[in-house]
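Enquirer: give me coordinates for this.
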Amino acid sequence: MIAGSVAKKLAKHDKVLGTMFGQVSRLSEQVAGIAEHLAASSAVSAVAPPPAPVPAPVSLVFELQPLSYPSDRSRIAYLIGLLSGPARAWGTALWENQSPACRTYQAFTEEMKRNFDHPVKVLPARTGRSVSSP
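Expert: Purely as a prediction, here's the structure:
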C-alpha cells in the first residue's frame, strides 16, 4: 500500500517536473529572442546592454531536475545546447576537442565569461559645464 502511494507521488512529481521543464525551455527561448532583439537595437541606439550572466533558468533546471543533470558534463552539454551563433560554435568546439574547460561546469562557465563577457562598458555621461561655455 505504501509503495503504491509513493509510486503515485513520484509519478505526479515527474509530471510536474516535466511541465516545469517545458516552461523553463520556453522561457529560455524567449530570453534568447529578447537578447537578439536587444543586440540589434543596441547597434541603433549606440548603447550596449549590460552583458548577461548565465541565465537563471539554467540553474533552475539543474535544481529542479538533479537526476537529469547529475554530472558537470551533462550540465555543460545542456548549456551548449542552449547557446546559439558564435557562442554555440565555440562551446561545441571545446566539447569536441575535449578541452580542459569541459571538465567542470564552473570551469566551462568561467571560460565562457572570459570569451563573451567583455569588460568594455559604456561610461555614463558627466554633467556640468560644457567646454565651450564661457
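Enquirer: after the strand or helix carrying S25 comes which helix or strand?
Expert: Using DSSP states H and E, S25 falls within helix 2-45. Next along the chain after helix 2-45, taking DSSP H and E as the criterion, comes helix 56-64.
Enquirer: could you list every helix and strand in contact with that following helix?
Expert: helix 2-45, helix 72-82 (3 or more C-beta pairs under 8 Å, 6 or more residues apart in numbering; DSSP states H and E). No exception for glycine: its C-beta is placed from N, CA and C like everyone else's.
Enquirer: columns mean pLDDT and mean neighbour count on top of the ones you listed, output as a markdown table?
Expert: Formatted as a markdown table, the helices and strands packed on helix 56-64 follow (pLDDT from 0 to 100; neighbours: other C-beta atoms under 10 Å):
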| stretch | mean pLDDT | mean neighbour count |
| --- | --- | --- |
| helix 2-45 | 75 | 11 |
| helix 72-82 | 94 | 17 |
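Enquirer: closest to V61 out of these?
Expert: Smallest distance to V61 across the helices and strands packed on helix 56-64 (C-beta to C-beta): 5.3 Å, for helix 2-45.
Enquirer: tell me the helices and strands packed up against the closest one.
Expert: The criterion is 3+ C-beta pairs under 8 Å, 6+ apart, and the helices and strands that helix 2-45 contacts are helix 56-64.
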